[in-house]
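Visitor: turn this into a model:
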Amino acid sequence: LGALLSSLSLKRDWVPALWPSERSLSELNSINVAMSNVDLGAEMLGPVGAGLVLQATGSIFGFTVIGLANIISFGLELLLLQAVYANNPVLAAPKAVINERAQHALRSVAS
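Guide: As a prediction, this is how the structure comes out:
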C-alpha cells in the first residue's frame with residue numbers, strides 16, 4: 001500500500017511540479033507512461049526473481065536474501081526521494097502555489 005501511494009504521489013504531484021514549463025504536456029504524459037511501465041515491469045519480475053532466489057538457495061537462506069534485498073531497496077528509495085525533495089523546494093510549496101501549467105498536467109494525469 002505504501003509503495004502504491006508513493007508511486008501515485010510521484011506521478012500526480014512530483015513529476016508535474018518539476019516538469020519544465022517549456023516542455024509539452026504530451027512529453028509529460030510519455031514520462032508518466034514510462035514510469036508506469038517500469039513499475040509494472042518490476043511488479044512482474046520481482047516475484048520471478050524471488051522464486052529463482054528461493055529455488056537456487058533454499059527456503060531459509062532465500063527468504064533472508066529476499067528480506068535483505070527489500071530492506072536495502074527501501075532504504076535506497078527513501079534516500080533518493082529525500083534527496084529529490086530536499087533539492088526541489090517547489091515540492092514543499094502548498095498546492096495553490098504550483099503554477100497553472102502544473103495544475104493542468106495534474107488533471108491530465110489523473111484522467
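
Visitor: mind listing the helices for the chain?
Guide: Ranges of helices in the chain, per DSSP state H, are 2-9, 15-18, 25-57, 59-87, 100-110.

Visitor: pick the most buried one from those helices.
Guide: helix 15-18 (a mean of 18; mean count of other Cβ atoms under 10 Å). C-beta here means a position set from N, CA and C on the backbone, and glycine is covered the same way.

Visitor: may I have that one as CSV, with CA atoms only?
Guide: In CSV, the C-alpha atoms belonging to helix 15-18 read as follows (Å, rounded to 0.1, in the frame of the first residue of the first chain):
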residue,chain,number,x,y,z
VAL,A,15,6.6,14.9,-11.9
PRO,A,16,4.2,17.7,-12.9
ALA,A,17,5.6,20.1,-10.3
LEU,A,18,9.2,19.5,-11.5
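
Visitor: and it, what does it pack onto?
Guide: On a contact count with 3 or more Cβ pairs under 8 Å, 6 or more residues apart in numbering; DSSP states H and E, helix 15-18 meets helix 25-57, helix 100-110.

Visitor: flag the shaky bits of this structure, pLDDT-wise.
Guide: When residues are selected by pLDDT under 70, those of the chain lie in 1-6, 8, 95-106, 109-111.

Visitor: same list (the helices and strands packed on helix 15-18) but as a markdown table, adding distance to residue 68.
Guide: Shown next, in a markdown table, are the helices and strands packed on helix 15-18 (distance: least, Cβ to Cβ, whole Å):
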| stretch | distance to residue 68 |
| --- | --- |
| helix 25-57 | 11 |
| helix 100-110 | 34 |
